[in-house]
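Everything below, folded, please.
(one chain, ligands or ions: 1)
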Amino acid sequence: MAAILSLRGISKRYGAVVVARDLDLELGEGEALGMLGPNGAGKSTLFGLITGTIAPNAGTIRFGGLDITRVPASRRCRMGMARSFQVPQPFGGMTVFENCVVAGAFAGGCGEREVYGRAAAVLERCGLTSKANVRASALTLLDRKRLELARALTTRPRLLLLDEVAGGLSEPECEILTALIRDILTTGLSLIWIEHVVHALTAVVERVVVLAGGSFIADGRPEAVLRHPKVAEVYMGIPADAALPAAAVP
Ligand SMILES: Nc1ncnc2c1ncn2[C@@H]1O[C@H](COP(=O)(O)OP(=O)(O)OP(=O)(O)O)[C@@H](O)[C@H]1O
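Numbers count the residues shown, from 1 in each chain. I've put the predicted structure just below:
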């Protein structure tokens, strides 16, 4: 699998706080990767580093084979990288359709003629056609999450970065959203998805990495990663080398 994204030796610190410590990561074209990690582990910061809103202290980022370490965020988007934010921030006074048009035209660099059709097609795919003329501020949480996805998709990304899109949703809503993400992946898009709702993540991705203390402590198939002793230590405070008491072993 050819790599669409490659991080080499990426480091980032804020004063004494190290959020990325010499990170290496390779994402294959069309691969769906989940990212777990405790609060404050540096997951959102890593998205900022990948998309160019945050500059690394060291390291190299390659996208589609090109070194983009010093390429500004706006150009990275036009090169085919889009992200959603943990807290959806649509233009509340604009309609759903207008929000997508703005994303496609200004962030995605799409011409006026093409952008309307593209926005309409994305809204259809995201189940928002009937809400196209509704103001974004009037949407339910699920529809705001769908719009967050739709805005990213209207820029026509090759790599989509999702930051905790499932947070705050009920179980049936979560299922609707994961079905949508699975559908989007059939287009061949590559995905990195940060998520605390683990069952939503594992329903979609085939690989998971865990970020803690500025380093990746596990990387592999979801079921193996979730059983990894270091992951149990980070999430449940069980030391990786602890022997389970006999009574705890079924
Ligand atoms: N601009 C900044 N200045 C100083 N510290 C920052 C800055 N941005 C982030 N941090 C710190 O970096 C660490 C990582 O933050 P980040 O938001 O990337 O974590 P996260 O893994 O996404 O957390 P969560 O799961 O809670 O969203 C935190 O300790 C945070 O306080």
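
Give me the residue at the spatial middle of the protein.
residue 162 (2.3 Å; CA atoms, centre = their mean).

quick one: contacts for that one?
Shown in contact with residue 162 (CB atoms under 8 Å, 6 or more residues apart in numbering): 83, 84, 149, 181, 191, 192, 193, 194, 195. (Each C-beta comes from the backbone N, C-alpha and C, glycine too.)

Would you mind measuring from the third one to residue 5?
Taken as CB to CB, to the nearest Å, the spacing of residue 149 relative to residue 5 amounts to 19 Å.

what bits of the protein have low per-residue confidence?
Flagging of the chain using pLDDT under 70 yields the residue ranges 1, 238, 240-250.

for the ligand, what are the nearby residues on it?
Neighbours of the ligand within the chain, by CB under 6 Å from any ligand atom: 14, 17, 19, 37, 39, 40, 41, 42, 43, 44, 45.

and with 5 Å instead?
Counting by CB under 5 Å from any ligand atom, the residues of the chain close to the ligand are 14, 19, 39, 40, 41, 42, 43, 44, 45.

domain ranges for this protein?
As given by automatic domain parsing, the domain ranges for the chain are 1-80+159-240, 89-156.

among the residues of the chain next to the ligand, which ones are buried?
Among the residues of the chain next to the ligand, those buried by neighbour count (16 or more other CB atoms under 10 Å) are 19, 41, 42, 43, 44, 45.

just how off-centre is the helix or strand encompassing residue 77 within its chain?
If you go by DSSP states H and E, residue 77 is part of helix 73-79. Using CA atoms, centre = their mean, to the nearest Å, the mean C-alpha position of helix 73-79 is found 16 Å from that of the whole chain.
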